[in-house]
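[1] Let me see the structure of the following:
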Amino acid sequence: MADFCACHEIVTEFLLNTCELHHRLNQDTARAVCHCATLATQRRSLDGVETDIVPTTTGSVAEFYIQPMLSSVGDIDVMFHYSGQLAIPAGTHPPTQLPGEFCFHHTVDRVVCNGCDVVRVAHRRCRQDEWMRTRQHRLSFSRAEIVLLNSWIPVQQIVYHLLRVFVKKEGLTDSAGNSDAVTVSNYHIKTLMLWACEVKPRSWWTDDLNVVRLSVELLRTLGVWLTDARCRHYFIHDCNLFDHHDCSQPLIADRFSETEASLGEWFTKNCIRKCVQRCPDNVLRLFDDASNNRTELQKAISAVVDWRLSKSLPWEAFFSFIPPQCVITRDVVSRMTARSCLLLMRELVKIDKCLSVYFTATMFLRVAYEITRDSFKGELLDVLATICLQPNDARRCLNARQSSVLSLSQAEEVMKDVANNSHSTVQLIEIELSKMYLYRALKYKNSDNDSIWCLANVYLAVLYYITGQYQTAIDHCTLVESVQDHSRCSSHAVQGQLLPKIDDEIDNVLGLAVFYKYVRTAALNQQLQTQCVSVFTTELFAHYLHIRCLSITKYRQLIQSH
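    Okay, here's the model as predicted:
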């Protein structure tokens, strides 16, 4: 392949057009899926309590939403922690907000709420000490970094990618096999970018777009940091990432004094050339005629872009899909509990939506198979509910003790979706799930049993009513009406927002209740709260629904008699 001119316009155009912006499964993300899937099915006993292993994909796989032809991903980083462990600073109270795997749960808000992790990693100067190596810990802000890096505009991610490639290929990182004296790492590059994205205006990145110029200026900044032995941590302001200064740092700093011309030539030689070598022969031959002819070079670059978008990615995604597909089907699905299912679903959504859909479909098949062998109960019921519910709703169901209150709460969470998914296949599944949880609630005995017993029967009557099983609905209404004393039922009233479409009269009453609540809160200058509409007692609603079912059955009998 003939030499061709190295200019920043070519580099910029090539990267902007060949860095795919959509998440597609590749070999790196596929490996991350396999690790997460394996970890999610494991459990460990801590102080006699069974805890889950909670995997979290971190590092480059989670940070980049671009997929350059020349990857800068070195290894796969998957952190995990135990659901029974939580690190709290000495002398402080437990936080009121925690990540979802511990309890219920705009970029800044997500960064703050997700917190940070404590990982067992020793300081580089302490790694030779056996005792320190196994006992030292550090703070990891990977959760926050993933949120921030995924909020960057494409050019910022591309520049971050280029800086990583340059530092790695120039042998300036410890991962390149250098001595401990070399202090530059991917984390220093990330810190450099985090500060630049905060202090530089958007116009600095987008006006007269030139990724080579941006990279040169940032490399020079890093060179100054190395010379001064200062690199302020982005999250911990009194922490200097260049916390030891040695004679090699000024020498390393000189390596970052690139010009726009020299760096443009470097990117052309080390990025574009290597990417072109992956193209088929008909595309590769176009560069033989390019040489220093800009028109021919533009034509050759366009051919690479077309090949990249039309041929490379679909096949790469197809072959990358096979390993995690085998892991999920062969090793994971059969061992899934409701909680491990929730944990894995959370990670799959972040990594690849197609695999998330595949996992859900496979779990449905497993449930269907198990139902044919055994009754629909226990853990299987919770697994199916986890698949059907939104993550936050499923998490609330799993984080409580088994009781009539919990079972009723689980039924109510599913019934919310029943009310919103009218006339769909999913709704039929959710109706059956709701019934199973309501029947489970009827089995428990506790001090609040009468109230829950009546409400569970009312909800069962509603579910049977909307599926046309009017006699069964009447039977459940009759059970509620037969209760002699309803004085203890006031603690659990019928929630209007859980009711699917029954008739216009019910809708009118609920609408008036919501309007009255709005007027009252507005008049009293209070915060509007409409999340709970309780205007029907269980006795009143059972009586109304009983009459409604009788009128329908009698009408049908009259039609049939004629």
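[2] Residue 255 and residue 167 touch, don't they?
    No. Taking C-beta atoms under 8 Å as the definition, residue 255 is not a contact partner of residue 167, at 9.0 Å. Every C-beta, even on glycine, is put in place using the N, C-alpha and C of the backbone.
[3] Name the residue in the two with the higher neighbour count.
    residue 167 (23 against 17; other C-beta atoms under 10 Å).
[4] Where does the more buried one sit, in terms of helix or strand?
    Residue 167 is part of helix 154-169 when elements are defined by DSSP states H and E.
[5] any idea of the angle the next helix or strand after that helix forms with helix 154-169?
    Later in the chain than helix 154-169, the nearest helix or strand by DSSP H and E is helix 186-199. Helix 186-199 and helix 154-169 are oriented at 150 degrees to each other (axes from the mean of the first three to the mean of the last three C-alpha atoms, to 10 degrees).
[6] Next, the buried residues of helix 186-199.
    Under the neighbour-count criterion of 16 or more other C-beta atoms under 10 Å, helix 186-199 has 186, 188, 189, 190, 191, 192, 193, 194, 195, 196, 197 buried.
[7] So the residue nearest to residue 87 when sequence neighbours are not counted versus residue 138, what's the distance?
    Nearest residue to residue 87, sequence neighbours excluded (C-beta to C-beta, 6 or more residues apart in numbering): residue 118, at 4.3 Å. Distance, residue 118 to residue 138, using C-beta to C-beta, to the nearest Å: 8 Å.
[8] from the middle of its chain, how far away would stretch 34-45 be?
    17 Å (C-alpha atoms, centre = their mean, to the nearest Å).
[9] List of residues touching it?
    By C-beta atoms under 8 Å, 6 or more residues apart in numbering, the surrounding residues in contact with stretch 34-45 are 50-53, 55, 57, 76, 78, 80, 82, 323-324, 327-328, 331-332, 335-336, 340-341, 343-344, 347-348, 351.
[10] again, only using 7 Å
    Outside of stretch 34-45, the residues within contact range by C-beta atoms under 7 Å, 6 or more residues apart in numbering are 50-53, 55, 57, 76, 78, 80, 82, 323-324, 327-328, 332, 335-336, 340, 343-344, 347.
[11] Now do the helix holding residue 167: which elements does it pack against?
    helix 186-199, helix 202-206, helix 211-228 (3 or more C-beta pairs under 7 Å, 6 or more residues apart in numbering; DSSP states H and E).
[12] which strands and helices sit next to the helix or strand hosting residue 410?
    Element membership for residue 410 (DSSP H and E) is helix 404-420. For helix 404-420, the packing partners by 3+ C-beta pairs under 7 Å, 6+ apart come out as helix 378-388, helix 391-398, helix 425-443, helix 449-466.
[13] Report the inter-axis angle for that helix versus helix 378-388.
    Calculated by the same axes, to 10 degrees, helix 404-420 forms an angle of 40 degrees with helix 378-388.
[14] Make sure residue 356 is actually in contact with residue 348.
    Yes. In this structure, residue 356 is within contact of residue 348 by C-beta atoms under 7 Å, at 4.0 Å.
[15] the more surrounded of those two?
    Using other C-beta under 10 Å, the more surrounded residue of residue 356 and residue 348 is residue 348, with 24 against 18.
[16] Longest helix of this structure, counting residues only.
    Secondary structure of the chain per DSSP state H: the longest helix is helix 538-561.
[17] Just the buried residues of it, please?
    Buried residues in helix 538-561 (16+ other C-beta under 10 Å): 538, 539, 541, 542, 544, 545, 546, 548, 549.
[18] what comes up buried for the helix holding residue 167?
    So, applying 16+ other C-beta under 10 Å, buried residues of helix 154-169: 155-169.
[19] Restrict it to CA atoms and write it as PDB.
    What follows is helix 154-169, C-alpha atoms only, in PDB (Å, rounded to 0.1, in the frame of the first residue of the first chain):
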ATOM      1  CA  PRO A 154     -19.000  11.300  20.400                       C
ATOM      2  CA  VAL A 155     -16.000  13.500  19.700                       C
ATOM      3  CA  GLN A 156     -15.000  13.300  23.400                       C
ATOM      4  CA  GLN A 157     -15.200   9.500  23.400                       C
ATOM      5  CA  ILE A 158     -13.100   9.400  20.200                       C
ATOM      6  CA  VAL A 159     -10.400  11.600  21.600                       C
ATOM      7  CA  TYR A 160     -10.300   9.500  24.800                       C
ATOM      8  CA  HIS A 161      -9.900   6.400  22.600                       C
ATOM      9  CA  LEU A 162      -7.100   8.000  20.600                       C
ATOM     10  CA  LEU A 163      -5.200   9.100  23.700                       C
ATOM     11  CA  ARG A 164      -5.400   5.600  25.100                       C
ATOM     12  CA  VAL A 165      -4.100   4.100  21.900                       C
ATOM     13  CA  PHE A 166      -1.200   6.600  21.700                       C
ATOM     14  CA  VAL A 167      -0.100   6.000  25.300                       C
ATOM     15  CA  LYS A 168      -0.400   2.300  24.900                       C
ATOM     16  CA  LYS A 169       1.400   1.900  21.600                       C
END
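[20] pLDDT of it, averaged?
    The average pLDDT within helix 154-169 is 90.
[21] any idea how far the most centrally placed residue in the chain is from residue 29?
    By C-alpha atoms, centre = their mean, the chain has its centre lying nearest to residue 350, at 4.1 Å. Per C-beta to C-beta, residue 350 is found 10 Å from residue 29.
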